[in-house]
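>>> fold the following.
(2 chains)
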There are 2 protein chains.
Amino acid sequence: KYPQKNGEVLSAQYGINLLLIGVSLMLALSYQRPSVTEEILLAFLTALMLVQLLWMLCYIVRREQRRSLPPERDANTATSWIRGGLTMLAMLSLIMDAFRIGNFVGYQACVSPMLGVYPAVHALHTISQVHFLWFHIKDVIKRYETFERFGVIHAVFTNLLLWSNAVMTEAEHALNDHKKRLAALGYFNFTVDPEQPACNCTSSACSMFSSSLYYLCPFNIEYHIFVSALLFVMWKNIGRTLEHQSPEKHGSVGGSCLLLGPMLGLLALASSITVLVIYIIHVEETAEARASAISMFYTFGIVILACMSVAGAAGLLIYRVENWPMDTAANPARTLDAKLLLASSVGAWLLCWCSVVAVCWAQPSPTYRWSNLAYALLLVLEKCVQNLFIVESLYRRRREPDECSAHSPSHTPTHSPAPGEIFSVTVPIAPPYDGIVNHAYEMPDCRVMEKSQTNRHACSSNQRNMPLSLRHRTQDTPSWKRQVLKNIAIFLFMCNISLWVLPAFGCRPQFDNGLEEAVYGFSTWSTVLNFALPMSLCYRMHSVAALFEVFHKI
Amino acid sequence: KYPQKNGEVLSAQYGINLLLIGVSLMLALSYQRPSVTEEILLAFLTALMLVQLLWMLCYIVRREQRRSLPPERDANTATSWIRGGLTMLAMLSLIMDAFRIGNFVGYQACVSPMLGVYPAVHALHTISQVHFLWFHIKDVIKRYETFERFGVIHAVFTNLLLWSNAVMTEAEHALNDHKKRLAALGYFNFTVDPEQPACNCTSSACSMFSSSLYYLCPFNIEYHIFVSALLFVMWKNIGRTLEHQSPEKHGSVGGSCLLLGPMLGLLALASSITVLVIYIIHVEETAEARASAISMFYTFGIVILACMSVAGAAGLLIYRVENWPMDTAANPARTLDAKLLLASSVGAWLLCWCSVVAVCWAQPSPTYRWSNLAYALLLVLEKCVQNLFIVESLYRRRREPDECSAHSPSHTPTHSPAPGEIFSVTVPIAPPYDGIVNHAYEMPDCRVMEKSQTNRHACSSNQRNMPLSLRHRTQDTPSWKRQVLKNIAIFLFMCNISLWVLPAFGCRPQFDNGLEEAVYGFSTWSTVLNFALPMSLCYRMHSVAALFEVFHKI
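Residues are numbered from 1 along each chain as shown, chains lettered A, B, ... in the order given. Modelled structure (predicted):
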């Protein structure tokens, strides 16, 4: 039998090379006098998407054939709210595809047919992929591994390539915007690339289409990067032997104390949108208006980052006081989450340190010089604190309220049930439940038990037999500390959305403030920005998802 | 108690930010009109090295104080030949430092004193670090974790920064060389930066010093990247509970069949040095000589890569035929090895795919166009095959010769001893050894047992009691397949050295062939090269080390 490790290495190599082929095509396209036309790149992407479609079809057909033998499922990956969010993003992507097709129809006379084929295939790909996500992303594949391994890794890297393609389009657009602004201010005399095709549009909606595309692109970007992360977890799960963990209990979502966090978060979101609008209007006006817009941005940033740092630090302090047990069970989704958080922070941190260097040694001294420094250092601090908070929250196991109250000396944390406790799905009957809370045993989740058909009745009847008072007790006593943590999580959640909205829709003072450009030169600095800004956006969206999970888990 | 996961995240964040500060300084330095001077960067690096020196001192003093309680050691990391090789590289680094100090003394009048302080501190740092590597790199730290965790990660990232600094110097040098050649051929009219300081050298040895520096730099680069990999494994080991694995048996290094591999390898090495010399001489001459030198390089590359691919494929085939058991015990050093191999391949693969794109769409068509294509595709294939071979070799456990011969149906692989079998160091007496080979138990290694002083005598006396015939039997019957694998490993080992020597000492046709530059533009292509070539060099050196380990393991 072919060893698993080799299968992993071989398929990873296949995927990496796919990505690199795409990247080399994109690099060639980004040159001013490109030898490679856009159609070649689009044809390559279309071919990859068609292969993925074919594979998903085969996979689903195979699964249908063996319906009697349902696959194991990894409960930790792709929770339903993640899939719901992705469906929303996918819908916005579909609208984008529709606009692209409309744009193509308008300019049909003078553009390559590839510009029409690509969005059509992309729409089909999006629909089937969302279907796949809903019904198959949790599967733990154990048989016919080679075919599945290559298929999943192909899907991962196809989505990564679509992400990089969208990022490149976005970066070009931003660079053109920046050049236009500089030209309008009379600073430089760049030749701005024409973004419109050579002929006139036959319909009246073309300009609407192309300007809307710009606002839909950020959602498409996030959609692809999320899907590839989920598929990567699926790939990691191939051939894995799942331990049936004690099911996590979600409860007490509502609660009267959940007020301050959402309120402050909404305030942050509203003010960031205000800042965004003011910034975009003012930055294209005179040099003074430009400087004041940039100053305003930094002041807003300092305030929101300081609040976020304090909130995160408060959360960490609560964890230090409260002695909740750690959850160390194997969980590829969580490991990936933690690693991705750290890795995607690198982009923003690089920008921050570049800003610090620029502030210290730049010749020009605009009014926002020192606020830029404060903003950069606070951003570094905020990401550190937030990463620590998220990682700690993900690795904490919730102590149940009744578990908390039983603080007898015999019940020290070392005696609490081990986190990775294994529950066989084929437990014939639940142990007797005689009114005393049994710490060493948690109710097997009914969802898990549904698989073994014979147990379903036992499970539900058992729940019915449970004394009502006990069921209420576990729901009604959320400690105030948990409420504070929930508020912090929801506040950070909304702040991260705000900080995603700002750069995603064109508020990028790193382009406009001129300090870094003076120290690094235009070409180096725009390269750094093109590399680091997508990572930074990805970080924000990823921490939004992680914080949502934290909110549900606490 | 502060949870381990948080300690990891916090220290990783500290390290990453150190690296990013350094990188942002370097980026600022690489601009044509730098605001940041070189002294600032050197001062930063010197400060980091001094902090590391202080930490190593504290660590060693602490260990001495608790001499009675020796730490556990991870036997898998930093084998003695790795440390030996590193000592050699460190010595070359010391020579480089001496030359730098000499250079500084010569130009003392007109250069900053920092240029003298830096190499002096670097020499001190190198000496103490080698001492640390020999006596403490295998330690598994279990107490006072926070201090150690930050110290080790500081050391990891200090070495990474020193590596990036050396790489940057090297890249600038290569770029200047390239510009000089182009200027000599009359292609372009670049302004070449003056590499010499403004005043005259007071001693006669200055030119010798500065030209020798160029040849010593590659060794310094490899030294730092290796040390940081070893230190990273040490960081990963902090707080780890070690399983005492069955000790690996090394035997039968010699053997009459070990002839073809080394011979062919030496041939490859010799011819690559010839190619290097011819290339460097010819590439600065006329355009025709240049083209023929490049053609020669590609022809040589195609031949050697084809041989390496065939050798690697043969090795994989042998593994398919032979059914050796897998070794799945936890081993951070090996996991890192496999991941680093894949990650560092990315650079070379990117270059290859860029070449392929360039060959397909470039306007100029030199004579070496199609050999460039063949070279690029073979390079992709060779790296894939070699990675598979190395990973498979590292994850295979050797079946002992006597184990092989016992092919009774009751002895199927599933019944063989589990790879991660745990042997306690406190086993009071070895089980009775009555002449029949006991598959389920291997002799505990005496090195491991030396720790528990009482067992030493038992161990050595036990070895003395072992029948002589049996000890011989395990050494005298190496199968021919193992000999073939050993030959393959040593051949690949020497080929990788050859392929490291070529780019490390200036044979970089990617700069000179002009195809990629036509498609990607000068600035994009030199950025890609500056990023990908160091990774590619790192890959070669890393696979040299891995293949040496494979050679010893088979």
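
>>> can I assume A:Phe389 is in contact with A:Leu317?
No. In this structure, A:Phe389 is not within contact of A:Leu317 by CB atoms under 8 Å, at 10.3 Å. No exception for glycine: its C-beta is placed from N, CA and C like everyone else's.

>>> need the residues of the stretch 251-400 of chain A near chain B, please.
By CB under 8 Å from any CB of the partner chain, the residues of the stretch 251-400 of chain A that approach chain B are A:320, A:326, A:338, A:342, A:345-346, A:349-350, A:352-354, A:356-358, A:361-363, A:380, A:384, A:387-388, A:391-392, A:395.

>>> next step: the residues you listed restricted to helices.
Mapping those onto helices (DSSP state H) picks out A:320, A:338, A:342, A:345-346, A:349-350, A:352-354, A:356-358, A:361, A:380, A:384, A:387-388, A:391-392, A:395.

>>> which among those end up buried?
Buried residues within those, counting neighbours by 16 or more other CB atoms under 10 Å in any protein chain shown: A:338, A:342, A:345-346, A:349-350, A:352-354, A:356-358, A:361, A:380, A:384, A:387-388, A:391-392, A:395.

>>> ok, A:Phe389 and A:Leu317, which is more surrounded?
Neighbour count, other CB atoms under 10 Å in any protein chain shown: between A:Phe389 and A:Leu317, A:Phe389 has more, with 28 against 11.

>>> distance check, that one against A:Phe493.
Computed as CB to CB, to the nearest Å, the A:Phe389 to A:Phe493 distance reads 12 Å.

>>> also A:Gly15?
Counting by CB to CB, the gap from A:Gly15 to A:Phe493 is 32 Å.

>>> again with A:Pro262
According to CB to CB, A:Pro262 stands 9 Å off from A:Phe493.

>>> who has more neighbours out of the two?
A:Phe493 (20 against 15).

>>> what is the neighbour count of the nearest residue to that one once chain neighbours are set aside?
Ranked by CB to CB, 6 or more residues apart in numbering or on different chains and with sequence neighbours excluded, the top spatial neighbour of A:Phe493 is A:Leu547, at 4.2 Å. Neighbourhood size, A:Leu547 [other CB under 10 Å]: 24.

>>> centre of the chain to the one helix or strand A:Leu547 maps to, how far?
Following DSSP states H and E, one finds A:Leu547 within helix A:522-553. Offset of helix A:522-553 from its chain centre (CA atoms, centre = their mean, to the nearest Å): 8 Å.

>>> from the contact counts, what lies against the longest helix anywhere in chain A?
For chain A, the longest helix by residue count, based on DSSP H, is helix A:145-185. Applying 3 or more CB pairs under 8 Å, 6 or more residues apart in numbering or on different chains; DSSP states H and E, one finds that helix A:145-185 contacts helix A:4-29, helix A:38-65, helix A:206-237, helix A:509-512, helix A:522-553.

>>> low-confidence regions, chain A specifically.
Scanning chain A for pLDDT under 70 picks out A:1, A:144, A:186-197, A:243-256, A:398-478.

>>> would you point out which residue is most central in chain A?
For chain A, A:His542 is the residue whose C-alpha lies nearest the centre (CA atoms, centre = their mean; 3.1 Å).

>>> got the contact list for it?
A:Ala229, A:Asp337, A:Leu340, A:Leu341, A:Ser344 (CB atoms under 8 Å, 6 or more residues apart in numbering or on different chains).

>>> what is the burial count for the fourth one?
Looking back up the chat, that one is A:Leu341. The tally of other residues near A:Leu341 (other CB under 10 Å) stands at 21.

>>> does it touch A:Ser393 like I think?
No. Counting by CB under 8 Å, A:Leu341 stays clear of A:Ser393, with 11.6 Å between them.

>>> what sits closest to A:Ser526 if chain neighbours are left out?
Nearest residue to A:Ser526, sequence neighbours excluded (CB to CB, 6+ apart): A:Leu175, at 6.2 Å.

>>> quick one: that neighbour from chain B, how far?
Using CB to the nearest CB, to the nearest Å, A:Leu175 is found at 14 Å from chain B.
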